[in-house]
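S.K.: what's the 3D shape of this:
(2 chains)
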Number of protein chains: 2
Amino acid sequence: MPSYKLTYFNFTGLGEPVRFMLSYAGIDFEDERVSDEEWPQYKPLMPMEQVPVLEIDGKKYNQSLAICRFIAKKSDVYGRDDIEALQIDSAVNSINDLRHEMANYFWNTRPEWTPILKERAFERLGFYLDKFEAILNVNGGYFVGKKLTWADIFFASLHDYMSSMAEKDITAGHPKLKNVFNEVCNLPNIKSYLANRPKTKF
Amino acid sequence: MPSYKLTYFNFTGLGEPVRFMLSYAGIDFEDERVSDEEWPQYKPLMPMEQVPVLEIDGKKYNQSLAICRFIAKKSDVYGRDDIEALQIDSAVNSINDLRHEMANYFWNTRPEWTPILKERAFERLGFYLDKFEAILNVNGGYFVGKKLTWADIFFASLHDYMSSMAEKDITAGHPKLKNVFNEVCNLPNIKSYLANRPKTKF
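M.R.: Here you go, the predicted structure:
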């Protein structure tokens, strides 16, 4: 059994999809959370000076989506064939595009840019949530293939982070998205992870 | 044999990786290039109101990386196992992160933001090119597994676009990256595509 260690900061962000995926797959992992003070020592040791990084038997791998896909292949959530895998990857990239727009606004350090970035982030938030809700409506409540895939887990793992950035419950007006979020959070392995994860601001 | 139609604008950009991948795989495809004037009619017909979109037997799929990965699985460029696939996906995402930083600067329409976006884009360009060159140096001249993968094809497909945005040959000081770019462009199927593609500004 390989050993897994995830290195990320002490919040949800881009680490949370990896934590959700590892938990869903039933893979034990060390959940290393680096403080802002520790980060300068860690940064040069990371492949692209970024986290999340997953160590498998001591070898480091970076890029959260690539890591999540690798773990998805170890369980039953990457589709029934290559076309479903394409649709799942596509949904994940769209969800991540939304996360990126929100983060551009939320983490921006130039006050004079904030109004424009905020306007764009909220316009995109409304656009993507409506598109996603429509997809779930014609697809049995899931992103792809009328069953749970890692696109659903990925969305659920970013739900609270995006809600924090938006300062509102992002799925309040989107019942199918709310349902899939709740379903994922109630999967036994995810529920157990959530009950035990450190309490953080977002 | 399924029918393939790629819809994108009449330049390289995010369409070019898909064109390279389809060409490499020997898949005939319709290369639909939408003008700025036509785009308002096309936009609402696209899954996320974005291109590139690949139609396979009339069904539309979006997100360029997801499409490229789907095509990669049809040839021999997605690694020997799941760990290599993870490394390839990771490299592709890092290359795409660089492309995104360059595009943020290049396509920015707010003149007052340009100096800061430009400074960041060029800092990131230097950072990523040095990192990539180091990876190729220890890896037989390729991104992953000491053989050609779709990470190499993806990099090569964006080379001229990123050079246009940077207004310089981005691999001039990075010989391994230059080599892999040239090697990809000289693959018979890619060479044939390049000889026949429409001449565009970038």
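S.K.: could you pull out the helices for chain A?
M.R.: A:15-24, A:39-42, A:64-72, A:82-106, A:114-137, A:150-166, A:175-185, A:188-196 (DSSP state H).
S.K.: thought A:Ile56 was touching A:Tyr4?
M.R.: Yes. Between A:Ile56 and A:Tyr4 there is a contact under CB atoms under 8 Å: 5.9 Å. For every residue, glycine as well, the C-beta is placed using N, CA and C.
S.K.: that older thread, so for B:Glu84, which of the helices of chain A sits nearest?
M.R.: helix A:64-72 (10.4 Å; CB to CB).
S.K.: got the angle between the closest one and helix B:64-72?
M.R.: Put simply, helix A:64-72 runs at 40 degrees to helix B:64-72, going by axes from the mean of the first three to the mean of the last three CA atoms, to 10 degrees.
S.K.: what packs against helix A:64-72?
M.R.: Secondary structure elements in contact with helix A:64-72, counted by 3 or more CB pairs under 8 Å, 6 or more residues apart in numbering or on different chains; DSSP states H and E, are helix A:15-24, helix A:82-106, helix A:150-166, helix B:82-106.
S.K.: need the helices of chain A in TSV with distance to B:Ile170, mean neighbour count and mean pLDDT, can you?
M.R.: Output for the helices of chain A, formatted as TSV (distance: least, CB to CB, whole Å; neighbours: other CB atoms under 10 Å in any protein chain shown; pLDDT from 0 to 100):
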stretch	distance to B:Ile170	mean neighbour count	mean pLDDT
helix A:15-24	31	25	98
helix A:39-42	29	11	98
helix A:64-72	23	24	98
helix A:82-106	23	21	98
helix A:114-137	28	16	98
helix A:150-166	32	24	98
helix A:175-185	40	18	98
helix A:188-196	42	13	98
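S.K.: so which of the helices and strands packed on helix A:64-72 gets nearest B:Pro44?
M.R.: helix A:82-106 (16.4 Å).
S.K.: and the closest one, what does it pack onto?
M.R.: By 3+ CB pairs under 8 Å, 6+ apart, helix A:82-106 packs against helix A:64-72, helix A:114-137, helix A:150-166, strand B:59-62, helix B:64-72.
S.K.: if we can go back for a sec, so which of the helices of chain A comes closest to B:Val144?
M.R.: helix A:64-72 (11.2 Å).
S.K.: what angle sits between the closest one and helix A:150-166?
M.R.: 140 degrees.
S.K.: anything in stretch A:27-46 near chain B?
M.R.: No. Using CB under 8 Å from any CB of the partner chain, stretch A:27-46 stays clear of chain B, coming no nearer than 10.9 Å.
S.K.: what's next to that stretch, contact-wise?
M.R.: A:3-10, A:19, A:22, A:49, A:51, A:53-54, A:60, A:62, A:71, A:74, A:197-198 (CB atoms under 8 Å, 6 or more residues apart in numbering or on different chains).
S.K.: can you check stretch A:161-174 too?
M.R.: A:11-13, A:16, A:98-99, A:102-103, A:105-106, A:121-122, A:125, A:129-130, A:132-133, A:159, A:177-178, A:181, A:201-202.
S.K.: again, but for stretch A:133-143
M.R.: Stretch A:133-143 is contacted from outside by A:87-88, A:91, A:132, A:145-149, A:151-152, A:155, A:174-177, A:179-180, using CB under 8 Å, 6+ apart.
S.K.: got a list of what the closest residue in space to A:Asp152 that isn't next to it in sequence touches?
M.R.: For A:Asp152, ignoring the flanking residues on the chain, the nearest one in space by CB to CB, 6 or more residues apart in numbering or on different chains is A:Val180 at 5.0 Å. Taking CB under 8 Å, 6+ apart, we find A:Val180 in contact with A:Leu136, A:Gly141, A:Tyr142, A:Phe143, A:Asp152, A:Phe155, A:Ala156.
S.K.: Go through those and say which is closest to chain B.
M.R.: Checking the contacts of A:Val180 against chain B with CB to the nearest CB, the nearest one is A:Phe143 at 12.2 Å.
S.K.: Tell me how many other residues surround the closest one.
M.R.: 27 (other CB atoms under 10 Å in any protein chain shown).
S.K.: Can you tell me the closest non-neighbouring residue to it?
M.R.: Spatial nearest neighbour of A:Phe143, excluding adjacent residues (CB to CB, 6+ apart): A:Ala151 at 3.8 Å.
S.K.: and what of A:Phe9?
M.R.: Residue nearest to A:Phe9 in three dimensions, not counting chain neighbours: A:Val34, with 5.8 Å by CB to CB, 6+ apart.
S.K.: what's the neighbour count on that neighbour?
M.R.: A:Val34 has 17 nearby residues by other CB under 10 Å.
S.K.: Kindly report the same for A:Glu167.
M.R.: 8.
S.K.: Distance-wise, check A:Phe20 relative to A:Asp169.
M.R.: Distance, A:Phe20 to A:Asp169, by CB to CB, to the nearest Å: 19 Å.
S.K.: Also A:Ser192?
M.R.: From A:Ser192 to A:Asp169 the distance is 24 Å (CB to CB).
S.K.: One more: A:Pro198?
M.R.: For A:Pro198, the distance to A:Asp169 equals 22 Å [CB to CB].
S.K.: which of the two has more neighbours?
M.R.: A:Asp169 (14 against 8).
S.K.: ok so, going back, out of the contacts of A:Val180, which one sits closest to B:Tyr78?
M.R.: With CB to CB as the yardstick, the closest approach to B:Tyr78 among the contacts of A:Val180 comes from A:Phe143, at 22.6 Å.
S.K.: from what I can see A:Arg197 touches A:Arg19, true?
M.R.: Yes. If you go by CB under 8 Å, A:Arg197 and A:Arg19 touch, sitting 7.3 Å apart.
S.K.: can I assume A:Leu54 is in contact with A:Gln63?
M.R.: No. With contact defined as CB under 8 Å, A:Leu54 does not reach A:Gln63; the gap is 9.5 Å.
S.K.: Give me the distance between the closest residue to A:Gly145 other than its chain neighbours and A:Glu183.
M.R.: Nearest non-adjacent residue to A:Gly145, counting by CB to CB, 6+ apart: A:Glu84, 5.0 Å away. Per CB to CB, A:Glu84 is found 19 Å from A:Glu183.
S.K.: Same question for A:Ser3.
M.R.: In terms of CB to CB, A:Ser3 sits 30 Å off from A:Glu183.
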